[in-house]
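# Take a look and give me a structure for this.
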Amino acid sequence: MSVIEKLSVISNTITKVMNFVLSDEFVKPDFDEYLTAISAKNVDRTKIQALLIPYIFERRLKKERKTIIELFEEKNTDLSKEETEILNSLKNSFSSVFEIRRVLSNGFEFYNLVNEKMYKVLSLVKMNNYRGITPGQFSVCRIFPMKEEFYLLEISNVIPSYNKEEVYKYAIAKIIEKPEGAYEQNPKKAEQIESLVKDFSEKFQKCFESDEIITTNQYADNLINLFNTYCDEDIIPSKEEITQNIKQVENNRYFTVSDFKNSYSNFMEKSLEGFSSHSSTYDIGIIYDKELGLFVLPFYQTFCKVYEEEDYKTVQGYKDCIKSFLENDKVPANIIKRVASKYKNFVDRTNEILEKNYSFDELLNYYKADSTEKKIYSSASVLYASKIFEQMMNLVSKKTETAKKENINYENVGRNDKCPCGSGKKYKNCCMQKI
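So this is what the prediction gives:
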């Protein structure tokens, strides 16, 4: 098969999957619901294709949490050998943030900021479609591997070379969203993270004499900083420093914390502010899983109380709390196993509250399939080993030093706040671009 024929078969196969989404009696209603959820219900049909790509590769349906491609294969049993091969390759597609190193006659050379690896990527469309894209720029792309080659599915965003802060934020947000993207295709990075997780596990135990600390959001940042200082500078905090930062909430209750609702564009500011900046007080579990790393879990103690209390209905928001821990992909199967090992009533009480009839294995398979099928390190542990996170912290440090020299306080200034320099402009349109 020639290169042109191969590209044609790939494009035609992807088009078939797209048409399946737009016509299947089961999938189409869900896609319509998806468009409504992202406020794109009335979007022009020419823009539908751009929305189909993330839907196809990120959506899971039915009780078995099947992908769109798996559903397509079930309905189309007469696929050719080439089409089946392409679909299997598409299942391994991934989205990431890349620096454009070279523009080729048939594609690009990309450097992946998330997993720190180079990729030569072939385009499925003519390169004149990418007119204006040049080396030095950054792009958010989805690519997929097939027979030791990589193909470009889409470029969803192009970011100018001068806007490195936005790029760094985007890349770090990708790591937080899907930490495995930083090491799955980079064995050396995976080895580095595994070694770091093991080393930090010993340090966490030595620091806190436990692998689990419960406190409130007002003190969690202090404990995390004490641990970070120990890891960076080998300074073990005193028992008094630790004890004075371990506090209990008056009543365990689950509720929505509005401060968590951040986009990638402002999450760094929110992260730097820390949990203590939140107006509400709630419990936090700081847990070190020896296999996966450090997890900071809001409402962890409240989650445990649902199984600990004889009358679980005394725990306000108990049902939403359980659903939150089960449905949140950032809470891995290991955390659920940890709680289940503490409370022998875990399965029975969960089934009673959710009105289900799962065995423990069925529950994990339904809610935590991804983290039972593969090792997913905590995003905090992956960030510790990330070059882009280090570069972001250096950039923040330089901005702070520059602000100190100019005697202007830029700390805790939001992107849309008025700039402290007095120009009257928003911070993002003024000194944020200069610092």
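# Please make it C-alpha for all contacts and neighbour counts, starting now.
OK.
# mind checking the backbone torsions on R253?
phi -150, psi 150 (degrees, to the nearest 10).
# That one contacts V315, correct?
Yes: at 5.7 Å, R253 and V315 qualify as touching, with contact defined as C-alpha atoms under 8 Å.
# intersection of neighbour lists for these two?
Contact criterion C-alpha atoms under 8 Å, 6 or more residues apart in numbering; residues shared by R253 and V315: T302.
# Any regions of the protein where pLDDT drops low?
In the predicted model, the chain carries pLDDT under 70 at residues 1-3, 63, 259-273, 399-407, 422-425, 428-429, 433-435.
# Compute the distance between the residue most central in space within it and D329, please.
Centroid-nearest residue in the chain: E177, 0.5 Å away (criterion: C-alpha atoms, centre = their mean). Noted for E177: a distance of 9 Å to D329, by C-alpha to C-alpha, to the nearest Å.
# roughly how far out does stretch 116-125 sit from the chain middle?
22 Å (C-alpha atoms, centre = their mean, to the nearest Å).
# C-alpha coordinates for that stretch, CSV please?
Taking Å, rounded to 0.1, in the frame of the first residue of the first chain, the C-alpha atoms of stretch 116-125 are listed here in CSV:
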residue,chain,number,x,y,z
GLU,A,116,9.8,15.2,27.1
LYS,A,117,10.1,13.2,23.9
MET,A,118,10.5,14.1,20.2
TYR,A,119,8.0,13.0,17.6
LYS,A,120,8.0,13.0,13.8
VAL,A,121,4.3,13.3,12.9
LEU,A,122,2.7,12.7,9.5
SER,A,123,-0.2,14.9,8.4
LEU,A,124,-3.5,13.3,7.1
VAL,A,125,-4.3,16.4,5.1
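# Return the set of buried residues in that stretch.
Going by neighbour count (16 or more other C-alpha atoms under 10 Å), the buried part of stretch 116-125 is E116, Y119, K120, V121, L122, S123, L124, V125.
# roughly how far apart are the first one and R142?
I take that to be E116. Separation of E116 from R142 (C-alpha to C-alpha): 16 Å.
# Please apply the same query to the fourth one.
Taking C-alpha to C-alpha as the criterion, V121 is separated from R142 by 10 Å.
# Equivalent analysis for the third one, please.
Applying C-alpha to C-alpha, one obtains 13 Å for the distance of K120 from R142.
# quick one: contacts for the closest residue in space to S93 that isn't next to it in sequence?
When the adjacent residues along the chain are set aside, S93 lies closest to F144, with 4.0 Å between them (C-alpha to C-alpha, 6 or more residues apart in numbering). F144 makes contact with S89, L90, N92, S93, F94, F150, Y151, L152, L153, according to C-alpha under 8 Å, 6+ apart.
# if I look at the second one, how far off is V17?
Which is L90. Separation of L90 from V17 (C-alpha to C-alpha): 11 Å.
# could you pull out the strands for this protein?
For the chain, the strands defined by DSSP state E cover 60-61, 66-67, 94-103, 107-112, 117-123, 138-146, 149-159, 212-216, 283-289, 293-298.
# Count the residues that sit near the closest residue in space to E327 that isn't next to it in sequence.
In space, and not counting its chain neighbours, E327 is closest to Y367: 6.0 Å by C-alpha to C-alpha, 6+ apart. The local packing of Y367 (other C-alpha atoms under 10 Å) involves 21 other residues.
# do the same with K344
Neighbour count of K344, defined by other C-alpha under 10 Å: 12.
# Torsion angles phi and psi at it?
Per-residue torsions, K344: phi -70, psi -20 (degrees, to the nearest 10).
# on that earlier part again, could you dump the strands of the chain into JSON lines and include distance to K247?
Formatted as JSON lines, the strands of the chain follow (distance: least, C-alpha to C-alpha, whole Å):
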{"stretch": "strand 60-61", "distance to K247": "40"}
{"stretch": "strand 66-67", "distance to K247": "43"}
{"stretch": "strand 94-103", "distance to K247": "39"}
{"stretch": "strand 107-112", "distance to K247": "42"}
{"stretch": "strand 117-123", "distance to K247": "43"}
{"stretch": "strand 138-146", "distance to K247": "42"}
{"stretch": "strand 149-159", "distance to K247": "44"}
{"stretch": "strand 212-216", "distance to K247": "5"}
{"stretch": "strand 283-289", "distance to K247": "9"}
{"stretch": "strand 293-298", "distance to K247": "14"}
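# so which of the ones you listed gets nearest A50?
Nearest to A50, of all the strands of the chain, is strand 149-159, at 7.7 Å by C-alpha to C-alpha.
# which parts of that closest one are buried?
F150, Y151, L152, L153, E154, V158, I159.
# for stretch 347-356, same thing?
Judged by neighbour count using 16+ other C-alpha under 10 Å, the buried positions of stretch 347-356 are V347, R349, T350, I353.
# Leaving out sequence neighbours, find the closest residue to the first one.
Nearest non-adjacent residue to V347, counting by C-alpha to C-alpha, 6+ apart: F360, 6.1 Å away.
# what's the spacing between the nearest residue to I213 once chain neighbours are set aside and I353?
Of all residues not flanking I213 in the chain, I286 sits nearest, at 5.1 Å (C-alpha to C-alpha, 6+ apart). Noted for I286: a distance of 26 Å to I353, by C-alpha to C-alpha.
# do Q301 as well
Distance from Q301 to I353, by C-alpha to C-alpha: 18 Å.
# Check the burial of S210 by counting its neighbours.
Neighbour count for S210, taken as other C-alpha under 10 Å: 11.
# Correction: the previous question concerned I286.
20.
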